[in-house]
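# I'd like to go over a predicted model; first the sequence, then the structure.
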Amino acid sequence: MADGVLGHLPPSALELAYLVAAIFFIQGLRDMTHPRTATRGNLISSGGMFLAVLATVLYFEILSPVLLAASLLVGGAVGAWLAVSVETTEMPQLVGLFNGFGGGASTLVAGAELVDAVDPATTASLGLELTTTAAIAGIVGTVTFFGSLVAAGKLHGLVGDSPIQGRTNQVMQALFFAAAVLAGLFLIVQSGLLGEAPVAEWLPAYWALVAAAAIFGILLVYPIGGADMPVVIALLNSMSGLAAATTGFVLDNTALIVAGTLVGAAGLILTFIMCDSMNRSLTNVLFGSMAEGGDEDMEDIYEGNITETSPEEVEMMLDAAERVVIVPGYGMAVAQAQHAVAELADLLEETGVDVEFGIHPVAGRMPGHMNALLAEADVDYEQMRELESVNPTFSQTDVVIVTGANDVVNPSAKEDEGSPIAGMPVLEVWDARSVIVNKRSLSPGFSGIPNPLFAKDNTSMLFGDAKQSMQDLVDAYNENH
């Protein structure tokens, strides 16, 4: 043990710091399960990570106190700049990048540890534990990094958004994954088990592993449609945690193992929750795509059955309503209409209308996307109702305003067993007395199928940009109150 700034203390002091950090991680994760305590949970978890990093760097004398302070200052400045400059509507791609950075760091640290453990003058074995965990960390971390870059590119509109089908891509995925595994096995056998080959012959295997895993990560995420990104982001988050935990075994670092395991487990649970919310399996999301639309033609459903409305007519409906539920979707995020929506909700409440928001788990491009946008617009968390709790209340609702949502309110999920989204839990808005759907057009959602909701007798279409349409509603409501 190096005698660094804290080196005069027994090793138990470092383990105590790790234990306190682990407690902070667990408490922080617990607090983040509820919107009211999420901010506190973030602060507690950040404090735990700061403690773990500070104790590790100082104990092992990795950096001098001056260089450590400078590094923290630079990193903190970058984080603060991102916090104030990145719009809430762009949070999904930022989260995707953060996942990637975690995976990339794990890859580099595992490779550096292999290099550091090598004595160029010998061919001694590095041991199975080091080489196996380094190989796993390298594969998972690299896939996470490059997969996250593609996911962030899709979310930011830099990479194609539509899903891609084809067996050729799946074959290529299998080949590059197999290549990464074989390179890892070669590394493990030559340096971890036999230890007979010169270093120059087996060390490049790690970088070959990284190259193959990078291509696999790109091929894995690129064919997945943008609408499936909530699942992909959650899965990549889990993989970044797994990579960190594995790197913790490489370094024999307890804090990293605990933090990575917590992130990995939480991300995996969230992934399956997202899959259940779409009534799809994880393998279908990763290696398949949304099935083709059914036999119903859009013209057959919509022609002669669409009722168009105006902000003035909607205002009159709202004027007579006692209960209103607003259902936001990705269109609200794209138009950045959350503030106009929140303003409309405030006006309705001021006149005695009961207003709530119905939130579908996969509305938007990341888990909790709609919640984050509404919270930015100062909507009370208590007004945000999850699918299971809001569905039974639609039959007692006077008006539902659907703004920018499509498949998450499609009755085909309940009424058409042959539909690609059959069985998918949806918001049953059609049970309300009146439904107002605000969309730019009658274009389909990610499933590529028509939405019979638009043609129902109690539905009226308010065509237009979500932000402008909601602002027009606010203006119309203000004129009469």
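Great, that's in hand.
# Would you map the helices across the stretch 351-481 of the chain?
Secondary structure of the stretch 351-481 of the chain by DSSP state H, counting those that start in this stretch: the helices cover 369-376, 387-390, 412-415, 466-479.
# do you know which of those helices lies nearest T403?
helix 466-479 (5.1 Å; Cβ to Cβ). For every residue, glycine as well, the C-beta is placed using N, CA and C.
# For the helices of the stretch 351-481 of the chain, state which one has the densest average packing.
Burial of the helices of the stretch 351-481 of the chain is given as mean neighbour count (mean count of other Cβ atoms under 10 Å); helix 369-376 ranks first at a mean of 23.
# Centre of the chain to that helix, how far?
14 Å (Cα atoms, centre = their mean, to the nearest Å).
# Give me the contact list for it.
Applying Cβ atoms under 8 Å, 6 or more residues apart in numbering, the contact partners of helix 369-376 are 35, 88-89, 91-92, 230, 328-330, 332-333, 338, 341-342, 357, 359-360, 363-364, 381, 384.
# Filter those residues down to just the buried residues.
Buried by 16 or more other Cβ atoms under 10 Å: 88-89, 91-92, 230, 328-330, 332-333, 338, 341-342, 357, 359-360, 363-364, 384, out of these.
# V325 is in contact with T393, correct?
Yes - using Cβ atoms under 8 Å, T393 is in contact with V325, at 7.3 Å.
# can you give me the strands in the chain?
Remark: strands assigned in the chain by DSSP state E are 323-328, 354-359, 384-386, 399-403, 434-439, 459-463.
# Pick the most buried one from the ones you listed.
Per-stretch averages of neighbours, counted by mean count of other Cβ under 10 Å, single out strand 399-403 among the strands of the chain, with a mean of 27.
# Tabulate the CA atom coordinates of it in CSV.
Written as CSV, here are the backbone C-alpha positions of strand 399-403 (Å, rounded to 0.1, in the frame of the first residue of the first chain):
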residue,chain,number,x,y,z
VAL,A,399,-62.3,16.2,-21.7
VAL,A,400,-59.0,14.4,-22.5
ILE,A,401,-56.4,16.5,-24.4
VAL,A,402,-53.9,14.3,-26.2
THR,A,403,-50.9,16.3,-27.3
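# Give me the sheet partners of it and which way each runs.
strand 323-328 (parallel), strand 434-439 (parallel) (DSSP bridges).
# Need these in TSV (columns: distance to G445 and mean pLDDT).
TSV is the format used below for the strands paired with strand 399-403 (distance: least, Cβ to Cβ, whole Å; pLDDT from 0 to 100):
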stretch	distance to G445	mean pLDDT
strand 323-328	13	96
strand 434-439	10	94
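# could you dump these to JSON lines with distance to A22?
What follows is these, written out as JSON lines (distance: least, Cβ to Cβ, whole Å):
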{"stretch": "strand 323-328", "distance to A22": "37"}
{"stretch": "strand 434-439", "distance to A22": "47"}
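# of all these, which lies closest to P425?
Among those, if distance is taken as Cβ to Cβ, the winner is strand 323-328, at 13.7 Å.
# What is the burial count for the residue lying closest to L251 once chain neighbours are set aside?
Distance criterion Cβ to Cβ, 6 or more residues apart in numbering; nearest residue to L251, sequence neighbours excluded, is E113 at 6.4 Å. When neighbours are defined as other Cβ atoms under 10 Å, E113 has 19 of them.
# Give the residue spans of the stretch 301-450 of the chain that score low on pLDDT.
Across the stretch 301-450 of the chain, the ranges flagged by pLDDT under 70 are 446-447.
# Next, find the distance separating M229 from A413.
20 Å (Cβ to Cβ, to the nearest Å).
# can you check A21 too?
Taking Cβ to Cβ, one finds A21 at 44 Å from A413.
# And the pLDDT at T261?
pLDDT for T261: 93.
# A243 is in contact with that one, correct?
No - using Cβ under 8 Å, T261 makes no contact with A243, being 11.4 Å away.
# between those two, which one's more packed in?
A243 (32 against 18).
# The more buried one: what's it in contact with?
A243 touches 102-103, 106-107, 137, 140-141, 144, 260, counting by Cβ under 8 Å, 6+ apart.
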